[in-house]
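Student: Give me the fold of what follows.
(chains A and B)
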Amino acid sequence: MTTPSARAQRRTATLLLAPFFILFAAVTLAPLVYAGWMSLFTTHTSGLGFGGTEEVFAGLDNYVRALADPAFRGGFLTIAAYVAIYIPVMIGGALVLALLLDSALTRARTFFQLALFLPHAVPGLIAALIWVYLYTPGLSPVIDFLGAGGLDIDFLSADNAVFSAANIAVWEWIGYNMVIFYAALKAVPTEALDAAKIDGAGQIRTALSIKVPMIRPAIALAVLFTVIGSVQLFTEPKVIYSASSSIGSSWTPNMFVQTAAFTHNDFGLAAAASLLIALFAALLSFLVTRFSRSRSKP
Amino acid sequence: MFRRRLAALVCSVAAIGLLTAGCGDSDSGTPTAEKGTRKVTFWSFVKGSDEVAKAFNRTHPDINVTFEAVPSGQEYYSKLTNAVKAGTAPDAAVVEYPQLPEFATQGKLETLSDSLAPLVKEHFPQSVRQLVELGGQTWGVPRDAAPLMLYYRNDFFKSHKISVPKTWDAYRNMTAQVKKADPKARGGVLYTDNPGLLTALAWQAGSQWFGTEKDSWKVSLDDAPSRKVADYWGDLAREDLVTSVSSLDPFWTSVQQNRTVAYVCASWCAGAQQATVADQKGKWSVAPVPTWDGKPASAMYGGSSFVIPKGAKNSGAAEEFIKWITTDPAGMKAWVSSGTSSMFPADPKLVPVTKAAFPTDYFGGQDVYAVGSKSYAAVRPGWTWGPVMGTTNTAIVDQLPKVAQGKVKLFDVLTGAQQATVKDMERRGMKVAP
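Tutor: Residues are numbered from 1 along each chain as shown, chains lettered A, B, ... in the order given. Modelled structure (predicted):
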C-alpha cells in the first residue's frame, strides 16, 4: 500500500535520476551496442576497388582476426610491463607523499597539496607538449644535461618507451591519488593515533601499522582505477609516438584500435578489438576488487 | 560494490565508445536538388588557404566559400573520413596524392570524370595526372607538384672543398667527406617516421610500387630498383653517414645546429627551411637531385590535390572553386600571396606566378624554381599510389627506426610492407595480380 506522499517521492526520484539514465544510455550504452553491431561487419569492394564499397556480414571473424593479430596481443604485454613499473611507483609514491603531508613534519601543507596536485590540473595537450619537448633529443635540456655528464639516453627508443610513458603518467596522477589518500588519512580517528603514541610508537611505526591499514579501502580503489586506466593506455604512448615512431603504431591495445580504424579503415576490426579491451578491463576490475576485498577482511 | 564496479565498467567502455562513435556507415549522399545554393565549405591545412578563400570571394560574388582550417596528417584524414560517413562532408577538400586512391576506393569521393576531367587533361603533365586518374576515372585536381631537389649548405661545401654530387655514387662520397670535415655533421637524412622520401627515391630509381592491369592491382614494393635504393640508404644509415631522425622538430633542429648540411627534399622545403631556420639566410643552395646514371630523373615527395567528397552539398560551385584555385593564375597568386610558400604549381604554366612571389635572398638569389622546373620535367611517369597506403605506410614506418640500429635491413622493411599491403588489399576484396 503506497501512500500519496510515497508515490510523490518516487516520482521525484525518477525525475531526478532520469537525466543520468538518459545520458548513460546515450553516451555509453548506445555506442556500446553500435560497436557490437559494427564488429560483425567488414567493408568489401571488388576488382580495383573504384566501384564503391559494401558492408558484408562477417560474423565473429573480426574477433578472431583481432585475437590472432600478434600486434594486438603484444599490446597487452606492453600493458603488463607498464603496470609492473607504474603501479608500485605511483601508488607507493602517492602514499609516501600523503603520509608526509599528514605527519607533523610538514608545514605549509596546503601549498604542497596544491603543488603536487597541479600537474593533474594541466590539460593533456599542454602536458603532451611539455613532455615531447623534454624527451626530444636536440631540444631537451634534460638530455643535454645528461649528455654533458656522459650519459646518453634516448627516452623515445622502443626499449625505454615503457619507462617514459610511466613517467608521464606518474607525473600526471601521483598528486591526484595523493589527495585521495590524504583525505582518507584525515578520517583516521585521532583516538587510534593517540593510543599508538601512548604505546610508544614512532611516526614511521604509526604510519605503517595504523594509518596505512586504516586507509586500505582507499588504496584498493586507487589501484583498481589505475589498473583499468592502464588497460586503456593511450595518451602517454601517443605523445611518445608523435615525437618518434620507434614504438610502432600498435604499441598498446588502444593504439591498435586507433590504427585499425583510422589508418587501415578497418572499422569492424577496431570495434571488435575495442570490445575485447572492454571485456578484459571488466574482467580485470572484477579480479582486483575480489582480491582487495578478500585481503581487507580482518 | 556493484556501483563501484559499474562505474569502472562505464569508465572503460566510455573511452571506447568515444573512439568508435562517429564511425558509422551512412554513405548516403545528399540529394542533388540542393545543388545551387552557391555556398561552398572548404577544408584545407595548406598554407595560405584562408587568403585563397578570401580572394575567391572577392572575385566571385555569386559563390560564397567558407574556409575551415583542419589539422594536417593522419588526424585530418580521419576527420574527413568521419565527416563523409556522418554526412557532414565539406564541398571541397585537400587530399595529398598518396591518400587519394584510398579515399577513392573507400567510396568517399565524387568522381570528377563528367566535370573536371577535361580540365585535368588539358592542364597537367602525365606524371602528375596519373596520380589523380585511377581506374579510368578522375578523382581530384592537382594543385601542387613536389619535385625532388638537393638542398645543401653552400658555405660548408665551399670551405671544405666538397663538390655537389650529381650521382648517388658521388653522394655517398659527399656524405663521407662531410663526416670527415665535421664529425658532428651529416650530408643527409633517413627519416624514421615518414616513408615519403624513401618512396620518392624508389620512384626516382624507376620503381613502380603500384600499377593496374585490367581489373587487378600489381604490387611490387620489392622490385629491383627498390632493392637498389633500400640497400643504398640502409647502408648509409647503418654506417652513420646520414642521420636517422624524425622528420619533424628533430630534423629541423639538426639543420639549425649545423648537424645536417645537405638533404634531399621537395620544392616545398625551400619555404619550410626559410621559415624554420631563418638565421641561415644566404648559406643554402639547391641543386638537381642526384641520379643513378647521371641523367636527369626525378620524383615527387608530397604534393596535394583538391577533391569533392561524397555527400558534398554543392558540388557545382565547388567545381568552379577548385578550377580557380588550381589552374587560374589569380587563384595561384592567392596561394602564395604571403610570400613564404615555395609551392610548385602542378600546372607548369603557372610557375611564373609562384616564382614571382617567392623571395630568393634566402638562397643567395638562386633561381629555385628553375631547378624545380627541370626536376618536374624529369619526374618519371608511370607512378601510381596504392589503394591501402595507410597500411603500406604504417608497415614501413613501424620498422624504419630499427634500420639505423642495424636490427633490420631496409629492403626487408619493404618486403614486409609488400606482404602487409597485399594481405590488406585481398581482405578488402580487391584483386591483386600475383
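
Student: which SSE is the most centrally placed residue in chain A in?
Tutor: Nearest residue to the geometric centre of chain A (Cα atoms, centre = their mean): A:G229, 2.0 Å. Assigned by DSSP states H and E, A:G229 belongs to helix A:216-231.

Student: Could you check how many residues crowd around residue 77?
Tutor: By default, I'm working from chain A. 10 (other Cβ atoms under 10 Å in any protein chain shown). In this view, the C-beta of every residue, glycine as well, is placed from N, C-alpha and C.

Student: switch to chain B, that's the one I care about
Tutor: So B:Y77, with other Cβ under 10 Å, has 23 neighbours.

Student: Can the helix holding A:G229 be said to contact chain B?
Tutor: Yes - contact of helix A:216-231 with chain B (Cβ under 8 Å from any Cβ of the partner chain) involves A:L221, A:L224, A:F225, A:I228, A:G229, A:V231.

Student: Touching, the last one and A:A80? I think so.
Tutor: No - when contacts are counted by Cβ atoms under 8 Å, A:V231 is not listed as touching A:A80 (10.2 Å).

Student: and B:K218, which of the three is it?
Tutor: Look at B:K218: counting by DSSP: H, G, I helix; E, B strand; the rest coil, its state is strand.

Student: Dihedrals phi and psi, the closest residue in space to it that isn't next to it in sequence?
Tutor: Nearest residue to B:K218 in three dimensions, chain neighbours excluded: B:G211, at 4.4 Å (Cβ to Cβ, 6 or more residues apart in numbering or on different chains). Here the main-chain torsion angles of B:G211 (degrees, to the nearest 10) amount to phi -160, psi 160.

Student: who touches B:G211 in this structure?
Tutor: B:W217, B:K218, B:S220, B:G382, B:T384 (Cβ atoms under 8 Å, 6 or more residues apart in numbering or on different chains).

Student: who does the helix or strand harbouring B:T415 touch, helix- and strand-wise?
Tutor: Per DSSP H and E: B:T415 is located in helix B:410-427. On a contact count with 3 or more Cβ pairs under 8 Å, 6 or more residues apart in numbering or on different chains; DSSP states H and E, helix B:410-427 meets strand B:216-219, helix B:224-238, helix B:389-397, helix B:400-404.

Student: Would you format these as JSON lines with mean neighbour count and mean pLDDT included?
Tutor: Output for these, formatted as JSON lines (neighbours: other Cβ atoms under 10 Å in any protein chain shown; pLDDT from 0 to 100):
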{"stretch": "strand B:216-219", "mean neighbour count": "20", "mean pLDDT": "95"}
{"stretch": "helix B:224-238", "mean neighbour count": "20", "mean pLDDT": "96"}
{"stretch": "helix B:389-397", "mean neighbour count": "23", "mean pLDDT": "94"}
{"stretch": "helix B:400-404", "mean neighbour count": "22", "mean pLDDT": "88"}
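
Student: Pull up the residues of the stretch 101-250 of chain B that are close to chain A.
Tutor: B:102, B:104-107, B:134-137, B:192-193, B:212, B:215-217, B:246, B:248-250.

Student: Name the residues linked to the closest residue to B:A433 other than its chain neighbours by a beta bridge.
Tutor: Leaving aside its chain neighbours, B:A433 sits nearest to B:S216 (4.5 Å; criterion: Cβ to Cβ, 6+ apart). Beta-bridge pairing of B:S216 under DSSP bridges involves B:E213.

Student: these two touch, right, B:S216 and B:P434?
Tutor: No - with contact defined as Cβ under 8 Å, B:S216 does not count as touching B:P434 (9.3 Å).

Student: one step back: please name the residues that touch the residue nearest to B:A433.
Tutor: The contact partners of B:S216, by Cβ under 8 Å, 6+ apart, come to A:G47, A:L48, B:M430, B:K431, B:V432, B:A433.

Student: who wins for most neighbours among these?
Tutor: Of the contacts of B:S216, with other Cβ under 10 Å as the count, B:M430 tops at 24 neighbours.

Student: Quick check: the gap between that one and B:T138.
Tutor: From B:M430 across to B:T138, the span is 20 Å (Cβ to Cβ, to the nearest Å).

Student: low-confidence ranges in chain B?
Tutor: With pLDDT under 70 as the threshold, chain B has low-confidence stretches at B:1-37.

Student: What does the closest residue to B:E96 other than its chain neighbours show for phi and psi?
Tutor: Of all residues not flanking B:E96 in the chain, B:S304 sits nearest, at 4.9 Å (Cβ to Cβ, 6+ apart). The phi/psi pair for B:S304 (degrees, to the nearest 10) reads phi -140, psi 160.

Student: Okay, the residue most central in space within chain B and chain A: tell me how far apart.
Tutor: Centroid-nearest residue in chain B: B:G302, 2.2 Å away (criterion: Cα atoms, centre = their mean). Distance check for B:G302 against chain A: by Cβ to the nearest Cβ, to the nearest Å, it reads 18 Å.

Student: Can you pull the residues of the stretch 151-298 of chain A lying near chain B?
Tutor: Residues of the stretch 151-298 of chain A lying close to chain B (Cβ under 8 Å from any Cβ) are A:157-158, A:221, A:224-225, A:228-229, A:231-232, A:234, A:243-246, A:248-250, A:254, A:257-259, A:261-267, A:270-271, A:274-275, A:277-278, A:281-282, A:285-286, A:289, A:293.
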